[in-house]
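Enquirer: Please find the sequence and the predicted model below.
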Amino acid sequence: MKVIESQFNLSAPSTVENYQKMMALCDQLAGELEKSRYEGPEKYVTRHRDRGKLLARQRVQLLLDRGSPFLELMPLAGWGRDDVSVGGSLVIGMGMVKGVLCMVNANIPTVKGGALNEVSVQKSRRMDEIALENRIPVIYLTESAGADLNHQAQIFNYGGRAFREITRRSKKGIPSITIVFGSSTAGGAYIPGMSDYVVMVKEQAKTYLAGPPLVKMALGEDVDDETLGGASMHAKTSGLADYIADDEKHALCIARDIVSNLNLKISRNTHEFEEPRYPAEDLLSIVSSDVKIPFDPREVIARLVDDSKFSEFKPLYGETLITGFAKIYGHQVGILTNSGVIFSESSNKAAHFIQLCNKQGTPLLFLQNITGFMVGKDAESGGIIKNGAKLINAVSNAEVPAITILMGSSYGAGNYGMCGRAYDPRFLFSWPNSKLAVMGAEQLTGVMEIIQEQKSKGQGVSVKGLLDKGKMKLIKEGLRKKIEQESSAYYGSSRVWDDGIIDPRDTRKVLSLCLTAINQIPQTHEGEWGVFRM
């Protein structure tokens, strides 16, 4: 493979200014992520610790192998909402347990007793998709009051899907392990009830469909927590508990032992690789803080791939969409990235490339910075619709896994052609500068003004005749601000449109864990047709 020789001028005044702006965006992200790690008011945290219990993130840390990276997923789900905590009272992510890549789902019991809300359900549904597609075992660290009844209308219909997904994974040989640390009530009781393995902590774990007050009301029975659903009862009488632990650390050790006996593939990366020749820090200088300003995506690739080597496919054809092969931590990938608007030639090249990767079992990496497909008379007569459809067809039907990174603009059908969320990439992450929308705010407000003007003229009325320039400016500015807000990375991440916003400098490490996940299953494909030369 050819080494990418960086031509980027890191000392140019505009570059230094851009670095400072990107650094500010990354600092803002770090601040928001720190807020997402909030584990409840101090008095509840203190009370929890006084009972000899670990906090949710401490439990995760002790479960994972020492030194294992932990890729937290969807940490900013629910961001900007006043009615739920950021993250939805759940910590969800991937890390190594006894050398096996596992998904971890931990309730935060010091936030409303770990009660689940609409955001919790959204995160859990996405976690279920990831675990099933990539055959990742799931470890539940459970201590929850069940559903937050203030949100029952938003969570009831889809909340039960989590139980179904545990059984579907089990059918396919993808195990679930649950450790019950405290109360696991009502719907929360079905998590251990459906799991392959259940560990309960002695004199702490309480699992029942209805607690003592409800039992008293419904049946007139007087019963205490321990007798109704304690660890001892479930281990000795009901049979729900497979293991009973002396304390929380003991429970985590038992879970680690269970993983070691699952006879699963060790996920440790044995590939030989060399680090990129250029530092990841450069990305903050290269990538534009303003998505309207273009940048050379090859400079990004040079700081993501092993030894900065990239074998570009069809470099002289369809030059606004760059395609080629590289390795990341020794994992082979086929990279598609944008260097301008997508033309017919770009679409044909990308469709051809995706078919090649699909045939040879090479995962796809989409690095999005796209304003859309080319428009206009020449583009339409040149077949942009049918050729763009070829690209979308190839993306839609590729059977190899894809990972998508939003590193700039992600507008219009360009988002679809570059494997946006609607096209089910295995993982999708955003950079803090990225924008996701039908089109940019300036273009959209301008289009809306033109449409309104044409509509008014058709009715024999001039918009400018009805509204003075001041009012027109206020309307346009209001619309522009709304679009800017709704296209921000935080807006999308809050709604689980991505798997998280990441610092560009962490992208290579994030890709490493994601590639480990998707390569647990051999990627082979025999189709009905060979590769069509587009």
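Expert: Sure thing, it's come through. Numbers count the residues shown, from 1 in each chain.
Enquirer: does Ala189 sit in a helix, a strand or a coil?
Expert: Put simply, Ala189 is helix when judged by DSSP: H, G, I helix; E, B strand; the rest coil.
Enquirer: That one reaches Ala210, doesn't it?
Expert: No: under the criterion of Cβ atoms under 8 Å, Ala189 is not in contact with Ala210, lying 9.3 Å apart. C-beta here means a position set from N, CA and C on the backbone, and glycine is covered the same way.
Enquirer: More neighbours: which of the two?
Expert: Set Ala189 next to Ala210 and count neighbours by other Cβ atoms under 10 Å: Ala189 wins out with 22 against 16.
Enquirer: Around the closest residue to Ser68 other than its chain neighbours, how many other residues sit close by?
Expert: Once flanking residues are discounted, Ser68 sits nearest to Met96: 4.0 Å by Cβ to Cβ, 6 or more residues apart in numbering. As a burial measure, Met96 scores 21 neighbours (other Cβ under 10 Å).
Enquirer: Could you identify the helix or strand that succeeds the helix or strand of the chain with the lowest mean pLDDT?
Expert: Using mean pLDDT, DSSP states H and E, helix 463-466 stands out as the lowest-scoring helix or strand of the chain, at a mean of 53. Next helix or strand after helix 463-466 toward the C-terminus (DSSP states H and E): helix 469-486.
Enquirer: Can I get that following helix in PDB, CA atoms only?
Expert: In PDB, the C-alpha atoms belonging to helix 469-486 read as follows (Å, rounded to 0.1, in the frame of the first residue of the first chain):
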ATOM      1  CA  LYS A 469     -37.800  43.900   5.600                       C
ATOM      2  CA  GLY A 470     -37.400  43.900   9.400                       C
ATOM      3  CA  LYS A 471     -40.100  41.300   9.900                       C
ATOM      4  CA  MET A 472     -38.800  39.200   7.000                       C
ATOM      5  CA  LYS A 473     -35.300  39.200   8.600                       C
ATOM      6  CA  LEU A 474     -36.700  38.100  12.000                       C
ATOM      7  CA  ILE A 475     -38.600  35.200  10.400                       C
ATOM      8  CA  LYS A 476     -35.600  34.100   8.500                       C
ATOM      9  CA  GLU A 477     -33.300  34.400  11.500                       C
ATOM     10  CA  GLY A 478     -35.800  32.400  13.700                       C
ATOM     11  CA  LEU A 479     -35.900  29.600  11.100                       C
ATOM     12  CA  ARG A 480     -32.200  29.600  10.700                       C
ATOM     13  CA  LYS A 481     -31.600  29.300  14.400                       C
ATOM     14  CA  LYS A 482     -34.100  26.400  14.700                       C
ATOM     15  CA  ILE A 483     -32.400  24.500  11.900                       C
ATOM     16  CA  GLU A 484     -29.000  25.100  13.400                       C
ATOM     17  CA  GLN A 485     -30.100  23.800  16.700                       C
ATOM     18  CA  GLU A 486     -31.800  20.700  15.200                       C
END
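Enquirer: Identify each buried residue in it, please.
Expert: Applying a neighbour-count criterion of 16 or more other Cβ atoms under 10 Å, one finds 475, 480, 483-484 buried in helix 469-486.
Enquirer: Give the other helices and strands that that helix contacts.
Expert: Helix 469-486 sits against helix 441-458, with contacts defined as 3 or more Cβ pairs under 8 Å, 6 or more residues apart in numbering; DSSP states H and E.
Enquirer: pLDDT (mean, whole number) over the helix it packs on?
Expert: Average pLDDT, helix 441-458: 63.
Enquirer: Same question for stretch 401-414.
Expert: When pLDDT is averaged over stretch 401-414, the result is 95.
Enquirer: now do stretch 55-69
Expert: The average pLDDT for stretch 55-69 rounds to 96.
Enquirer: what does stretch 164-179 give?
Expert: For stretch 164-179, the per-residue pLDDT averages 94.
Enquirer: Measure how far that stretch is from the centre of its chain, please.
Expert: Averaging C-alpha positions (Cα atoms, centre = their mean, to the nearest Å) puts stretch 164-179 21 Å from its chain's average.
Enquirer: again with stretch 116-129
Expert: With Cα atoms, centre = their mean as the basis, the distance from the averaged C-alpha position of stretch 116-129 to the chain average is 12 Å.
Enquirer: Kindly report the same for stretch 127-142.
Expert: 13 Å.
Enquirer: average pLDDT for that stretch?
Expert: Per-residue scores along stretch 127-142 average to 96.
Enquirer: in that stretch, what counts as buried?
Expert: Buried, per 16+ other Cβ under 10 Å, within stretch 127-142: 127-128, 130-131, 134-142.
Enquirer: before we move on, what about stretch 15-30?
Expert: Within stretch 15-30, judged by 16+ other Cβ under 10 Å, the buried ones are 15, 18-19, 22, 25-26, 29.
Enquirer: mind listing which of those residues are in helices?
Expert: 15, 18-19, 22, 25-26, 29 (DSSP state H).
Enquirer: of those, closest to Val198?
Expert: Leu29 (37.5 Å; Cβ to Cβ).
Enquirer: I'd like to know how far that closest one sits from Arg37.
Expert: According to Cβ to Cβ, to the nearest Å, Leu29 and Arg37 sit 13 Å apart.
Enquirer: Tell me which stretches of the stretch 151-300 of the chain form strands.
Expert: Counting by DSSP state E, counting those that start in this stretch, the stretch 151-300 of the chain has strands at residues 176-185, 197-201, 206-208, 243-245.
Enquirer: Tell me the gap between the last one and the middle of its chain.
Expert: Looking back up the chat, that one is strand 243-245. Its chain's C-alpha centre and that of strand 243-245 lie 33 Å apart, by Cα atoms, centre = their mean.
Enquirer: And the average pLDDT for that strand is what?
Expert: On average, the pLDDT along strand 243-245 is 97.
Enquirer: ok, now stretch 96-104?
Expert: 95.
Enquirer: first vs last residue of that stretch, how far apart are they?
Expert: With Cα to Cα, to the nearest Å as the measure, the ends of stretch 96-104 fall 10 Å from one another.
Enquirer: buried set for that stretch?
Expert: 96-98, 100-104.
Enquirer: Repeat that for stretch 157-171.
Expert: By neighbour count on 16+ other Cβ under 10 Å, the buried set for stretch 157-171 is 159, 162, 165-166, 169.
Enquirer: Kindly report the same for stretch 500-514.
Expert: 500-508, 510-514.
Enquirer: so can I have a markdown table of these showing pLDDT?
Expert: Shown next, in a markdown table, are these (pLDDT from 0 to 100):
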| residue | pLDDT |
| --- | --- |
| Gly500 | 98 |
| Ile501 | 98 |
| Ile502 | 98 |
| Asp503 | 98 |
| Pro504 | 98 |
| Arg505 | 98 |
| Asp506 | 98 |
| Thr507 | 98 |
| Arg508 | 98 |
| Val510 | 98 |
| Leu511 | 98 |
| Ser512 | 95 |
| Leu513 | 95 |
| Cys514 | 97 |
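Enquirer: who touches Arg59 in this structure?
Expert: The neighbourhood of Arg59, defined by Cβ atoms under 8 Å, 6 or more residues apart in numbering, consists of 106, 141, 179, 181, 248, 252.
Enquirer: Taking these together, which two end up most distant?
Expert: Farthest pair in the contacts of Arg59 (Cβ to Cβ) is Ala106 and Glu248. Separation: 12.0 Å.
Enquirer: Those two - which one has more neighbours?
Expert: A direct count of neighbours by other Cβ under 10 Å for Ala106 and Glu248 places Ala106 higher, at 25 against 21.
Enquirer: Isn't Ser488 up against Asn433?
Expert: No: using Cβ under 8 Å, Ser488 is not in contact with Asn433; the gap is 9.6 Å.
Enquirer: okay, these two: which has more neighbours?
Expert: Asn433 (25 against 20).
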